[in-house]
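In: coords please:
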Amino acid sequence: MFKQAMARLVLLSVGTIAFIVALGLTVPAYAQGAPTLKIVSPKPGETITSTDIPVTVEVSNFTLSALKVGLPDQAGEGHIHVMIDGAHMGVLFNFYTSTTFTLPGDAIKPGPHALIFDLASNTHVDMPETAVQVDINYQPATSKSAPQAVANPGAPAVEIVSPTDGATVGPIVTLQVKPTNFVPREGLEGKANISGYGHYHVFVDADLSMMMPADNKTPEANATPEAGGGMAMMSMAGMVLMPGANEFSVDLSAWGPGKHTIVVEPVQNDHTPIEGGKHAQVTINLQSSAPAAQATTAPAEPTVAPTAEPTKAPVLPTTGGDFTNNSLLLLLSGALILGLGLVLVVQARRRA
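Out: Residues are numbered from 1 along each chain as shown. Coordinates of the predicted model:
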């Protein structure tokens, strides 16, 4: 009987330990939770008197990654989309990779407006379940009116002046472009289209197999909208920037060294291609670190500010835990095993 009691004790111990291990592996995974987005400011119903709209958000269970924009999607990682008076790409201000940013007030009429925020994947697919709407009363002391449309501006085109094709650059790449029949203005993004104005879409290693010279299709023209939550979601793999200037920089550290193709395309304020517009592209040799400075009598090149480090949202641990949770559980389980074991031993001896 004593041997049978010991055997039962061993089986009970093994079973309890297996339960503890399984619990330790599964509980933290559920504890992380789904990604969420909270708008700290502006507050619902707030009156905005500044020309531009300052925004502060809180992100949970999600990593805002500036370096991964345009790269393949990874769960729990991406950026923020902000739209005005709608939930589709045509009213998209831009995308943001920090918890504080400013929305340009260009061409926004005074009065009530709805700001829609949501999280998006690296390839710009919106996550409707994270969408938050904040209604504001926009009453700027100084407004920025929309510019006058250009009459018959002609077909827009863009030329990449720098870097030159085949150049070795990086990991931070500064591009200089020269537009024709086109004026880029970032503040007009997501606003009504104005003839002669727009901004650029910049792609890295995008699939250009479907681009046709006749209609000058672009990567986003091939993007497929997906229905869900009343929000138009667009997958735009490879898009890294939506600049509104003729010189801009992008950190391509996460893309890896080697050859990469950069495409710059002029688009309208609502992010759609311009009929007859022509994009430009250049192939670069990306290096993993910046070249060492060399002595020279020529003027020094302007210093390019590095892209801000991606802001990581607070994420609960996915493995392990603190003493209060896991260690206490182990101690209680151990005490339970010992207590049951002693009971079995005492009973076995009495029966003997």
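In: residue contacts, residue 179?
Out: 156, 157, 158, 159, 246, 266 (Cβ atoms under 8 Å, 6 or more residues apart in numbering). For the C-beta atoms, the positions are set from N, CA and C on the backbone; glycine is no exception.
In: Please read the previous query as pertaining to residue 176.
Out: Contact analysis of residue 176 by Cβ under 8 Å, 6+ apart lists 160, 161, 162, 246, 247.
In: what helix or strand is the second one on?
Out: To tie it back to what came earlier, the one meant is residue 161. Taking DSSP states H and E as the criterion, residue 161 maps to strand 157-162.
In: neighbouring contacts of stretch 132-152?
Out: Here stretch 132-152 makes contact (Cβ under 8 Å, 6+ apart) with 37-39, 42-51, 53, 104-118, 183, 185, 187-188, 191-192, 194-197.
In: Narrow these to those that are buried.
Out: 37, 39, 42, 48, 51, 53, 104-108, 113, 115-118, 183, 185, 187-188, 191, 194, 196-197 (16 or more other Cβ atoms under 10 Å).
In: Restricted to strands, list those.
Out: 37, 39, 48, 53, 113, 115, 116, 117, 118, 183, 197 (DSSP state E).
In: Any chance of those residues in CSV with distance to residue 283 and pLDDT as columns?
Out: Listed next are these as CSV, based on distance: Cβ to Cβ, whole Å; pLDDT from 0 to 100:
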residue, distance to residue 283, pLDDT
37, 37, 98
39, 41, 99
48, 44, 99
53, 39, 99
113, 42, 99
115, 39, 99
116, 37, 98
117, 36, 99
118, 34, 98
183, 27, 98
197, 29, 98
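In: Can I get those in a markdown table including distance to residue 61?
Out: Compiled in a markdown table, these are given as follows (distance: Cβ to Cβ, whole Å):
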| residue | distance to residue 61 |
| --- | --- |
| 37 | 10 |
| 39 | 16 |
| 48 | 29 |
| 53 | 26 |
| 113 | 29 |
| 115 | 22 |
| 116 | 20 |
| 117 | 16 |
| 118 | 15 |
| 183 | 41 |
| 197 | 39 |
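In: Find the pair from the residues you listed with maximum spatial separation.
Out: Using Cβ to Cβ, these reach their maximum pairwise distance at 37 and 183, which is 33.3 Å.
In: can you give me the strands for the stretch 51-200 of the chain?
Out: 53-60, 63-64, 77-84, 92-96, 100-103, 111-120, 132-138, 157-162, 168-169, 172-180, 183-184, 197-204 (DSSP state E, counting those that start in this stretch).
In: okay, and for the stretch 151-300 of the chain, where does confidence drop off?
Out: Within the stretch 151-300 of the chain, the segments meeting pLDDT under 70 span 208-234, 290-300.
In: tell me what the strand holding residue 161 is packed against?
Out: Here strand 157-162 touches strand 172-180, strand 258-267, strand 280-286, going by 3 or more Cβ pairs under 8 Å, 6 or more residues apart in numbering; DSSP states H and E.
In: Out of these, which is closest to residue 238?
Out: strand 258-267 (8.1 Å).
In: Now do the buried residues in that closest one.
Out: Buried-residue list, strand 258-267, by 16+ other Cβ under 10 Å: 260, 262, 263, 264, 265, 266, 267.
In: hmm, back to that, tell me which of the contacts of residue 176 is nearest to residue 235?
Out: residue 160 (25.3 Å).
In: Would you confirm that the closest one contacts residue 175?
Out: Yes - if you go by Cβ atoms under 8 Å, residue 160 and residue 175 touch, sitting 6.4 Å apart.
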